[in-house]
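J.: Need a 3D model of the following:
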Amino acid sequence: MRTLIYVLFIGLMSVISSHLFAASGSIKLEPVKIDLFDKASLQRGATTFVNYCLSCHSASFMRYSRMAKDLGLTEQQVVENLMFASDKIGDTMTIAMRPDDAKKWFGVTPPDLSVISRARGTDWLNTYMRTFYLDADKIMGTNNLVFKDVGMPHVLWKQQGYLENDHGTLTAASKGTDADYNLMVADLINFLAYLGEPSKIQRLALGKWVLLYLFLLFLVVYPMKKAFWKDIH
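T.: Predicted coordinates:
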């Protein structure tokens, strides 16, 4: 009986692993550094997001006013530089495009990106943004190595340049500025990580003070414990 359970368990894990491997498209994911305390990176990522993503994708869990506070910007700076689809600083980051129109144009309604970094993972997003390639068979003219038959066009093609797929390896068809593009993508993913859990900035900042408090508390409590239990020990 125990052997049967063990065999079933191994079989189940094999099936799960194979599905996970297939879901990633067998492409090695490129890691990306996430630093939520890098305000400059977050600000650049926010600029890229509102200019290239927010026309089709909303981030309806985030308010412009909250973003201004977390990213070290004034509300006036956000209004002048980052608000193109809303009139009020207290509004959420929504889009004007109707879901029915989006589905008709793209074949699917573009997802809300509020928690996409938590759903997909930052490494997956980083690899996704780097692996668009030319595909004449697709309506948009492009495809993606980690998201086969994706309905989204490569909105950053001017920054990256054109890529061709050579048996799973991307080669430059027309050279882009790799360093600038890599920084642009890293900043965008950093901002998407912030969108997925904005309170993490405050939590991480508070965490060091909590640890310091616990350490100081230990210095007080441990001698008390020794005094209370000295007769027993």
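J.: Listing request: residues of this protein with sub-threshold pLDDT.
T.: 1-26, 85, 174-177, 233 (pLDDT under 70).
J.: can you give me the strands in it?
T.: Along the chain, the segments classed as strands by DSSP state E run 59-63, 92-93, 132-134, 142-144, 161-166, 169-175.
J.: Any idea how far the longest helix along the chain is from the middle of the chain?
T.: Longest helix of the chain, by residue count under DSSP state H: helix 200-228. Remark: helix 200-228 is offset 33 Å from the chain centroid, using CA atoms, centre = their mean, to the nearest Å.
J.: follow-up on the earlier one: turn the strands of the chain into JSON lines, including mean neighbour count.
T.: C-beta here means a position set from N, CA and C on the backbone, and glycine is covered the same way. Formatted as JSON lines, these follow (neighbours: other CB atoms under 10 Å):
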{"stretch": "strand 59-63", "mean neighbour count": "18"}
{"stretch": "strand 92-93", "mean neighbour count": "21"}
{"stretch": "strand 132-134", "mean neighbour count": "21"}
{"stretch": "strand 142-144", "mean neighbour count": "20"}
{"stretch": "strand 161-166", "mean neighbour count": "16"}
{"stretch": "strand 169-175", "mean neighbour count": "11"}
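J.: Can you lay out those as CSV showing distance to Lys104?
T.: Converted to CSV, the strands of the chain look like this (distance: least, CB to CB, whole Å):
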stretch, distance to Lys104
strand 59-63, 21
strand 92-93, 23
strand 132-134, 23
strand 142-144, 20
strand 161-166, 27
strand 169-175, 30
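J.: Ok, which of the ones you listed comes nearest Phe228?
T.: strand 59-63 (49.0 Å; CB to CB).
J.: I'd say Met140 and Val155 touch.
T.: No: when contacts are counted by CB atoms under 8 Å, Met140 is not listed as touching Val155 (10.2 Å).
J.: hang on, the earlier thing: looking at the strands of the chain, spot the one closest to Leu113.
T.: Once the strands of the chain are compared by CB to CB, strand 59-63 is nearest, at 5.2 Å.
J.: Mind listing the strands the closest one pairs with, and their directions?
T.: Note on strand 59-63: by DSSP bridges, its sheet partners are strand 92-93 (antiparallel).
J.: From Leu54, how far out is the residue nearest to Asp135 when sequence neighbours are not counted?
T.: Nearest residue to Asp135 in three dimensions, chain neighbours excluded: Asn143, at 3.8 Å (CB to CB, 6 or more residues apart in numbering). Using CB to CB, to the nearest Å, Asn143 is found at 24 Å from Leu54.
J.: Sketch out the helices for this protein, chain order is fine.
T.: In the chain, the helices defined using DSSP H lie at 2-23, 39-48, 64-70, 75-81, 99-106, 116-120, 122-130, 157-160, 178-196, 200-228.
J.: in stretch 38-47, what's buried?
T.: Ser41, Leu42, Gln43, Arg44, Gly45, Ala46, Thr47 (16 or more other CB atoms under 10 Å).
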